[in-house]
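**Q** Got a sequence here, can you model it:
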Amino acid sequence: MTVSIIIVNFNGLRYTRQCLESFFRYHDVKSTEVIVVDNNSTDGSQQELPQLFPFIHFISLHNNVGFGGANNVGAQRSTGRMLYFVNNDTVFYKESVSELVKTLSSHNKYGIVAPKLLNEDHSFQLSFGQFPTIQNEFETKNIAENYSLQTSLDSSISIPIPKDWVSGAALMIKREVFEEIGGFDERYFMYFEDVDLCRSAAKKGFQIFYVPSNTLIHLGGKSYGARDERITVEYRKSQLLFYDKHNSLLQRLLVRVYILMKFTAGLFRTKSRSAALAVIPLVFRSSNRQ
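**A** Modelled structure (predicted):
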């Protein structure tokens with residue numbers, strides 16, 4: 001196989017079904033390896049998806065190992081030279097895999113490529129950025145509101161654009177690159193695992209490219225359900241792990257000061273108090289660096 005499509009599912013039967021239906025509407029069943037890794041869902045996914053799509057490889061895990069861990073399992077069971085990790089809340093509306101394969105194959109130093117992600121109404125969705133520092137994290141959050149940037153990334157642009165990182169919602173990587181960097185760091189349960197993967201690839205000298213001519217709809221957030229306190233805690237835990245693993249001592253201190261200030265204020269608001277009580281202790285713990 002040239003490419004293996006790997007999709008992680010957790011209680012997302014409706015969205016995973018929609019994703020697969022849209023994919024096979026534009027891609028050949030026989031020439032594509034599709035692997036769905038289920039993170040111990042309880043919504044009927046483990047029973048219904050293999051029946052609805054008997055031609056895919058369905059892997060049922062006995063516990064939820066997180067996004068990166070489940071993707072690693074899918075990669076281990078795959079045979080493709082290229083691995084295309086796709087969120088279950090994405091929707092294909094045209095054939096798109098071949099262009100990414102062609103781009104990724106065009107140079108031996110190209111390690112990762114990703115399509116332009118669109119919201120459900122086909123508006124621009126931010127899916128790339130600079131490697132996080134306490135300075136540029138604030139800048140990145142404002143990019144999606146920059147209309148001039150949105151128009152400059154029109155689908156008519158055919159030249160891939162180098163980026164520090166691209167979103168794991170739709171990310172294609174060469175197998176040899178994925179194996180050389182050891183796959184996804186499974187200490188990230190969710191969030192930052194895609195940024196970390198790109199950072200690890202860049203450290204090995206591989207380049208990451210955003211392909212704005214290749215588009216995919218990403219519904220966003222449906223892969224893990226509604227936001228709650230656990231989501232907030234996991235985000236901050238992953239953020240701190242990334243800084244501890246890749247950034248300077250000054251950056252690690254600054255991000256802790258920022259989080260501490262942000263969530264200390266939350267102690268005085270009833271709605272955010274429980275999240276603050278869960279996040280603040282993380283600031284005083286050291287992540288295990290590699």
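**Q** Report the secondary structure state of V255.
**A** Under the three-state scheme (DSSP: H, G, I helix; E, B strand; the rest coil), V255 adopts helix.
**Q** Now do the strands for the stretch 51-200 of the chain: every range, in order, please.
**A** In the stretch 51-200 of the chain, the segments counted as strands under DSSP state E, counting those that start in this stretch are 57-60, 82-86, 90-91, 110-118, 128-129, 161-162, 165-166, 170-174.
**Q** Flag the shaky bits of the stretch 1-150 of the chain, pLDDT-wise.
**A** 140-150 (pLDDT under 70).
**Q** one more time with 50, if that's ok
**A** Applying pLDDT under 50 to the stretch 1-150 of the chain flags the ranges 147-148.
**Q** What does the residue nearest to N247 when sequence neighbours are not counted show for phi and psi?
**A** Distance criterion CB to CB, 6 or more residues apart in numbering; nearest residue to N247, sequence neighbours excluded, is T133 at 6.7 Å. C-beta: built from backbone N, CA, C; applies to glycine. Dihedral angles of T133 (phi, psi; degrees, to the nearest 10) stand at phi -130, psi 170.
**Q** Would you confirm that T133 contacts L250?
**A** No - judged on CB atoms under 8 Å, T133 makes no contact with L250 at a distance of 9.7 Å.
**Q** Can you check the pLDDT for R289?
**A** R289 carries a pLDDT value of 60.
**Q** where do the helices sit along the stretch 1-150 of the chain?
**A** In the stretch 1-150 of the chain, the helices defined using DSSP state H, counting those that start in this stretch lie at 13-26, 45-52, 66-77, 97-105, 136-143, 147-152.
**Q** Export the ones you listed as a markdown table, with columns for distance to Y84 and mean neighbour count.
**A** Output for the helices of the stretch 1-150 of the chain, formatted as a markdown table (distance: least, CB to CB, whole Å; neighbours: other CB atoms under 10 Å):
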| stretch | distance to Y84 | mean neighbour count |
| --- | --- | --- |
| helix 13-26 | 10 | 18 |
| helix 45-52 | 18 | 16 |
| helix 66-77 | 10 | 21 |
| helix 97-105 | 7 | 18 |
| helix 136-143 | 24 | 12 |
| helix 147-152 | 25 | 11 |
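**Q** Select, out of those, the one closest to E229.
**A** Closest approach to E229 among the helices of the stretch 1-150 of the chain is made by helix 66-77 (17.3 Å; CB to CB).
**Q** Between strand 170-174 and that closest one, find me the angle.
**A** Interaxial angle of helix 66-77 relative to strand 170-174 (axes from the mean of the first three to the mean of the last three CA atoms, to 10 degrees): 40 degrees.
**Q** okay if I get the strands of the stretch 51-200 of the chain as CSV plus distance to K102 and mean neighbour count?
**A** Putting those into CSV (distance: least, CB to CB, whole Å; neighbours: other CB under 10 Å) gives the following:
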stretch, distance to K102, mean neighbour count
strand 57-60, 24, 17
strand 82-86, 10, 25
strand 90-91, 20, 20
strand 110-118, 10, 25
strand 128-129, 20, 21
strand 161-162, 16, 12
strand 165-166, 17, 26
strand 170-174, 11, 25
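**Q** In CSV, list the ones you listed along with distance to D194.
**A** As requested, the strands of the stretch 51-200 of the chain are exported to CSV (distance: least, CB to CB, whole Å):
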stretch, distance to D194
strand 57-60, 21
strand 82-86, 8
strand 90-91, 14
strand 110-118, 9
strand 128-129, 10
strand 161-162, 16
strand 165-166, 7
strand 170-174, 6
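**Q** Those: which one's closest to K203?
**A** Among the strands of the stretch 51-200 of the chain, the nearest to K203 by CB to CB is strand 110-118 (10.7 Å).
**Q** From the contact counts, what lies against the closest one?
**A** Where contact means 3 or more CB pairs under 8 Å, 6 or more residues apart in numbering; DSSP states H and E, strand 110-118 is packed against helix 97-105, strand 165-166, strand 170-174, helix 193-203, strand 207-218.
**Q** What is the first one packed up against?
**A** If I follow you right, that is helix 97-105. Partner elements for helix 97-105 (3+ CB pairs under 8 Å, 6+ apart): strand 3-9, strand 82-86, strand 110-118, strand 170-174, strand 207-218.
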